[in-house]
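Enquirer: here is a sequence with its predicted model. Questions after.
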Amino acid sequence: MNGEYPGPGGDRMVGLGFWSRMERRGPGVVTVAGRAVRAGSRVRLRPSPMRRTDIMDLVLDGRVAVVESVEQDDEGAFHVAVTLDDDPGRDLGEARMPGHRFFYAADEIEPLDERDEAAPAARILVAGIGNVFFGDDGFGVEVARRLSALPLPAGVDVVDFGIRGMDLAYALQRDYDLAILVDAAARGQAPGTLTVLEPDLSTDSDADAGSGDGAARPAAQADGHGMDPVKVLRLAAELGRLPGRVVVVCCEPAVAPSGEPDEDVLVELSAPVREAAGHAVRLVMDMIAENAGPASRPPHPEGGDMA
């Protein structure tokens with residue numbers, strides 16, 4: 001203890017000081033056995049038998065996990081939130097769902113040696129967005145499905161988020177260097193046309209902060225049953241973190257969903273959008289290669305569909 005944190009109950013007289021500390025982001029890094037551990041670090045779980053008697057702790061003993069965040073409580077103790085390295089539902093843990101995300105004290109984890117001393121690989125999130133029941137709106141989901149079947153370099157996560165906007169906002173809180181959102185978007189072009197957009201994530205906040213009317217911008221909200229990438233990005237920013245770079249790969253749909261309650265269910269992509277999905281896979285793999293190295297690009301037939 002260095003005096004920065006009061007003893008138990010000592011802060012109750014301070015009032016708002018306690019809640020101000022509670023809403024701060026965690027320190028981001030903790031030193032364990034002389035090594036820095038941060039979000040994205042791989043560790044081996046070593047639950048303390050003196051503090052843990054749950055059967056789950058016995059099952060997880062020795063398992064490899066990935067650090068999701070580092071937190072520090074009001075008394076200065078460090079706690080590490082982790083997801084299991086081999087958990088097929090790891091994206092649920094990243095979305096802070098119970099059963100896929102676990103907390104350990106700093107002395108209950110063992111940092112793993114890196115394979116080499118080179119700089120860590122870029123961490124990239126590829127997010128497939130869309131509703132598979134509205135035909136071409138499922139474009140992003142189809143691209144994510146095809147990418148998941150390909151060999152990908154370490155540090156690249158491909159996740160089908162569908163219409164789970166809140167899950168995507170929480171996933172963006174991890175230390176990704178690049179997020180590639182893949183979605184269908186009507187922009188008045190020929191069906192199947194691909195467009196790459198790179199939103200200026202600082203524009204809205206800067207403009208709002210500099211407006212002289214004194215009016216506060218309403219807090220961003222993501223629909224739990226829908227997906228608006230713009231709202232999700234705003235919410236992620238308000239939660240505290242966005243990747244260093246965000247790119248949106250859009251495809252012009254042949255038929256855009258109307259949103260009417262009686263809209264017909266259509267589970268197949270139109271011909272031009274299905275063809276565009278193959279081109280989008282190659283485009284995304286090129287983006288990954290630019291950030292993770294040329295070796296990350298798997299060979300594919302020239303002009304092939306990569307389906």
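Expert: That came through fine. Bear in mind the structure is a predicted one, so any value in this text is a computation, not a measurement. Numbers count the residues shown, from 1 in each chain.

Enquirer: how close does the residue nearest to R63 when sequence neighbours are not counted get to I163?
Expert: Leaving aside its chain neighbours, R63 sits nearest to L45 (5.2 Å; criterion: C-beta to C-beta, 6 or more residues apart in numbering). (Each C-beta comes from the backbone N, C-alpha and C, glycine too.) From L45 over to I163 the distance is 33 Å, taken as C-beta to C-beta, to the nearest Å.

Enquirer: check D228 too.
Expert: 10 Å.

Enquirer: of those two, which one has the most company?
Expert: Taking other C-beta atoms under 10 Å, D228 and I163 do not tie; I163 has more neighbours (20 against 17).

Enquirer: tell me the spatial nearest neighbour of that one, not counting adjacent residues.
Expert: Closest residue to I163 apart from its sequence neighbours, by C-beta to C-beta, 6+ apart: M227 at 4.5 Å.

Enquirer: SS state for that neighbour?
Expert: Secondary structure state of M227, per DSSP: H, G, I helix; E, B strand; the rest coil, is coil.

Enquirer: who are the contact partners of it?
Expert: 129-131, 161-165, 168, 183 (C-beta atoms under 8 Å, 6 or more residues apart in numbering).

Enquirer: S69 too?
Expert: 26, 39, 80-81, 173-174.

Enquirer: T195 too?
Expert: If you count contacts by C-beta under 8 Å, 6+ apart, T195 has them with 185, 187, 189, 249-252.

Enquirer: out of the residues you listed, who's nearest F102?
Expert: Looking at the contacts of T195 and their distance to F102, the nearest is V249, at 33.4 Å (C-beta to C-beta).

Enquirer: my read is that closest one is in a strand, agree?
Expert: Yes - counting by three-state DSSP, V249 falls inside a strand.

Enquirer: what's the closest non-adjacent residue to it?
Expert: With sequence-adjacent residues excluded and distances taken as C-beta to C-beta, 6+ apart, V249 is closest to V182, at 4.8 Å.

Enquirer: for the host helix or strand of that neighbour, packing partners?
Expert: Take DSSP states H and E as the rule and V182 turns out to sit in strand 178-184. For strand 178-184, the elements it packs on are strand 124-129, helix 139-148, strand 245-251, helix 271-292, judged by 3 or more C-beta pairs under 8 Å, 6 or more residues apart in numbering; DSSP states H and E.
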